[in-house]
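Asker: Here you go, sequence then predicted model.
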Amino acid sequence: MSAARDAILARLRQAIGRTGEEQAKAVETVRARLDNPRPNLVPAHTRLDREGRVALFCEKALAVSAEVERLARLTDAPAAVSAFLRRHDLPQKMVMAPEPMLDLAEWEQQPLLRVRRGTAAPDDAVGLTVAVAGIAETGTLMLASSREQPTLLAFLPETVIALLQAEDIDGAYEDSWQRLREGLGRPPRSVNLVTGPSRTGDVGQKIELGAHGPRRLLVLVVEEAFGEAGDAPR
Amino acid sequence: MQPTSHAFKQNAHEALENPVLQEALGGIRTGWQAARGRAAGALPEFEQLRDTGRDIKNHVLAHLDLYLEAFTAKVEEAGGKVHWARDAAEARTIVLELCREADARTVTKSKSMIAEEIGLNPWLEANDVKPVETDLGEYIIQLAGQPPSHLVGPAVHMTKDEVSDLFHKHHGGERLEEGGALVGEARRVLRQRYLEADVGITGANFLVAETGSIITVTNEGNAELTQGLPRTHICIASIEKIVPTMEDAFTLLRLLARSATGQEFSAYTTVMTGPKREEDLDGPREFHLVLLDNGRSKMVGSAFQEMLRCIRCGACMNHCPVYLAAGGHAYGWVYVGPMGSVLTPQFVGIEEAHPLPNASTFCGRCEEVCPVRIPLPKLMRHWREEQFNRQLNPPAARYGLALWGFVARRPRLYRLATGMAVGAMRLLGGRQGRMRRLPLAGGWTGTRDMPAPQGPTFMQAWKKRRGAGS
Ligand code: SF4
């Protein structure tokens, strides 16, 4: 419906009413802002060293009812996951992102834990995925959709587990987005910023967890970068 | 929806006599209002961020044509389709056509004020497409057959008991009483609807020109399931939702949740860019963006331009004594509270909405908390002037305003008159500093006390200060 487009843009141009010279300047201003995105004011308390960021991330994630565990290395994940499921009386069964990096965790250490790879189906009770970043400011996970990291894993199951490398924890949203921008250029189809489990206050203004997305969220913060020496098959 | 804004006074009276509603509204004061104060206080940069937020929005409005062009080009680059709609009817037609192309029998929807604004649900229903609201609050009011009563919590006017009855009636089975159980039941029922739906419709909190992305903010995760499960995703958004870059979005996001619910960040902020990529394992095959004007391009450059900065946080209503007494439904249309008093006349006409700009104590709390610093009282006053010009006021108000206008244009007389009025009002207020009746304004003080002015008038104080300073 380009008639509508033309009409709306024409009305805007008339309302804004730039002269020829102003028009050229406005075009340049907009182009510069879009080509060269810069952070606005970023809260000072997010400017921390690595340990400070990890600590703030954990504190903030706990405050929004996520569970957080710090692991030394990726190979500690299977035992942590299995214990978590036991703690919550959940079956030892989950669907996991087809991310090759996750193979390095050696899931066969937990022979009782059944793992399917792929995106979540409606009857999957537990999903596990990888966060591309953590944001200390509010204990937020950044998930980015890809062939290896489907989106529904973090939304359909009632229990969601996310693995996060400690070195991927940034101070502020802008830091993580800039890394994504540098890494990928165009953003993936879906970037989910996840802060705690799903919740609602729509029944009598009281917060209840697990509205549509997960009721439980476990974040495993892994100290040693995935795929580093310690994670190689021993 | 058929507006009933003209009956504000009657609506408000009924609201005041409804104890269940009053109980629900009381919860806003101790809940969102208090939480916003704590969240704002906990972030040292909050006030500065409000300035930045205002500036971003002003910058966008001054370049809106250019940003819209940039944004839509990026949406198409990402494989999405853009549909421009001049008005509500055009937008409804586009959405229906898209639903028909998708052979849709049911569509899931995540909360969208634009959908409310264009009356999408009744239109789809009349055309054999069944819309299912997935935001729990929207789902509740859809079952109850009611319009939203709040920007952020559309069912905030209902108590848990009322929701119990409603669910029992519609879902059958046992009557559940516990909040968690009610949420669980809605989750089960809606899960099925997500899986059946052929189309998912969402709104957008922001549109990012840099990337052609849309951003949704929810606490429930319903936007992600709404757009992530069906084959087709339709996003409906109005033209002023644009921000230049993700950095700009983050600034506004820091303000949004804190102002709305007092959270530091909502549970889910999702940035979606185009449809499913070939290699992706999930996501919609088609992505359509319906861009709605509906009178907004006329607000650009007008006295009401500043209203286009609104990020729909609801803080103005959470802090408004009139809203907190009358509730949202009294306002008689989709947008309620102070922001509704400015916006509703734009959409339904000042003739229909004439009581709204007067439904204010001009206490200024709304402007004090608005994250993008919209001068709501000033904009309401603009409507009152407009009304006055069109002679839409009852005679007493016209008489009072004419007198005020006459005096106000004569500074000496004004100073004298306001000084006298303050004296008289202080007398009326007595010791408690509250006046139970205000001459010529019985309708107004019938339901609330007017705070008696304390101390000198603004002009006296200003003169004194200037005198002291120079
Ligand atoms: S007018 Fe301001 S306070 Fe009210 S909803 Fe809009 S942004 Fe929020």
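Answerer: That came through fine.

Asker: going forward, measure contacts and count neighbours with C-alpha atoms only.
Answerer: Noted.

Asker: before we move on, what SS does the residue most central in space within chain A have?
Answerer: The residue lying closest to the centre of chain A (CA atoms, centre = their mean) is A:M142, at 2.0 Å. What DSSP: H, G, I helix; E, B strand; the rest coil gives for A:M142 is strand.

Asker: Was I right to think it contacts A:V130?
Answerer: No. Using CA atoms under 8 Å, A:M142 makes no contact with A:V130, being 9.1 Å away.

Asker: who's in contact with A:L34?
Answerer: By CA atoms under 8 Å, 6 or more residues apart in numbering or on different chains, A:L34 lies in contact with B:A209, B:E210, B:P244, B:T245.

Asker: From those, pick the one nearest B:M299.
Answerer: Within the set of the contacts of A:L34, B:P244 lies nearest B:M299; the separation is 20.1 Å, counting by CA to CA.

Asker: So what are the structural domains in chain A, by residue number?
Answerer: Split into domains by automatic domain parsing, chain A comes to A:1-36, A:48-229.

Asker: for the ones you listed, which one sits closest to B:R54?
Answerer: domain A:1-36 (16.8 Å).

Asker: where in chain B is pLDDT low?
Answerer: For chain B, residues meeting the criterion pLDDT under 70 lie at B:391-470.

Asker: can stretch B:86-96 be found next to chain A?
Answerer: Yes. Among the residues of stretch B:86-96, B:R86 lie within reach of chain A under CA under 8 Å from any CA of the partner chain.

Asker: And that stretch, what's buried?
Answerer: With burial defined by 16 or more other CA atoms under 10 Å in any protein chain shown, the residues of stretch B:86-96 counted as buried are B:R86, B:D87, B:A88, B:E90, B:A91, B:R92, B:I94, B:V95, B:L96.

Asker: May I have that stretch as PDB, with CA atoms only?
Answerer: The C-alpha trace of stretch B:86-96 is given here as PDB (Å, rounded to 0.1, in the frame of the first residue of the first chain):
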ATOM      1  CA  ARG B  86      -3.200   5.700   7.400                       C
ATOM      2  CA  ASP B  87      -6.000   4.900   9.800                       C
ATOM      3  CA  ALA B  88      -7.600   2.200  11.900                       C
ATOM      4  CA  ALA B  89      -9.800   0.900   9.100                       C
ATOM      5  CA  GLU B  90      -6.800   0.500   6.700                       C
ATOM      6  CA  ALA B  91      -4.900  -1.300   9.400                       C
ATOM      7  CA  ARG B  92      -7.800  -3.700  10.200                       C
ATOM      8  CA  THR B  93      -8.200  -4.500   6.500                       C
ATOM      9  CA  ILE B  94      -4.500  -5.300   6.100                       C
ATOM     10  CA  VAL B  95      -4.400  -7.600   9.200                       C
ATOM     11  CA  LEU B  96      -7.500  -9.400   8.000                       C
END
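
Asker: contacting residues around it?
Answerer: The contact list for stretch B:86-96 (CA under 8 Å, 6+ apart) reads A:4-5, A:7-8, B:83-85, B:117-120, B:123-124, B:127, B:234, B:290, B:292-295.

Asker: who in the stretch 101-250 of chain B is up against chain A?
Answerer: B:136-137, B:153, B:155-156, B:158-160, B:163, B:179-180, B:182-184, B:187, B:191, B:209-211, B:219-222, B:224-225, B:228, B:244-248, B:250.

Asker: near the ligand, which of these show up?
Answerer: With CA under 6 Å from any ligand atom as the criterion, those include none near the ligand.

Asker: Now the buried members of those.
Answerer: Using 16+ other CA under 10 Å, the buried members of those are B:136-137, B:153, B:155-156, B:158-160, B:163, B:179-180, B:182-184, B:187, B:191, B:209-211, B:219-222, B:224-225, B:228, B:244-248, B:250.

Asker: Can you flag which of these belong to strands?
Answerer: Among these, no member falls in strands (DSSP state E).

Asker: what's the burial count for A:A72?
Answerer: 14 (other CA atoms under 10 Å in any protein chain shown).

Asker: and the gap between it and the ligand?
Answerer: 44 Å (CA to the nearest ligand atom, to the nearest Å).

Asker: thought that residue was touching A:E228?
Answerer: No. A:A72 lies out of contact with A:E228 (CA under 8 Å); the separation is 11.8 Å.

Asker: where do the contact lists of the two overlap?
Answerer: If you check A:A72 and A:E228 against CA under 8 Å, 6+ apart, no residue is contacted by both.

Asker: Next, the contact list for the closest residue to A:D124 other than its chain neighbours, please.
Answerer: Of all residues not flanking A:D124 in the chain, A:P157 sits nearest, at 5.6 Å (CA to CA, 6 or more residues apart in numbering or on different chains). Taking CA under 8 Å, 6+ apart, we find A:P157 in contact with A:A120, A:P122, A:D123, A:D124, A:A125, A:V126, A:G127, A:G213, A:P214.

Asker: what's the burial count for the second one?
Answerer: Yep, that's A:P122 we're talking about. Using other CA under 10 Å, the number of residues around A:P122 comes to 13.

Asker: which ones are touching it?
Answerer: Per CA under 8 Å, 6+ apart, neighbours of A:P122: A:L156, A:P157.

Asker: Could you rerun that using 7 Å?
Answerer: Applying CA atoms under 7 Å, 6 or more residues apart in numbering or on different chains, we find A:P122 in contact with A:L156.

Asker: host element of it?
Answerer: Following DSSP states H and E, one finds A:P122 outside all helices and strands.

Asker: mind checking how far it is from the ligand?
Answerer: 36 Å.

Asker: can you tell me how far the closest residue to A:Q92 other than its chain neighbours sits from chain B?
Answerer: Using CA to CA, 6+ apart and skipping residues adjacent in sequence, the residue nearest A:Q92 is A:L113, 4.7 Å away. Distance, A:L113 to chain B, by CA to the nearest CA, to the nearest Å: 24 Å.

Asker: Around A:L113, count how many other residues there are.
Answerer: Residues within reach of A:L113, counting by other CA under 10 Å, total 18.

Asker: same deal with B:I239?
Answerer: Around B:I239 there are 24 residues (other CA under 10 Å).

Asker: Any chance you could list what contacts stretch A:3-12?
Answerer: By CA under 7 Å, 6+ apart, stretch A:3-12 touches B:D65, B:W84, B:A85, B:R86, B:S297.
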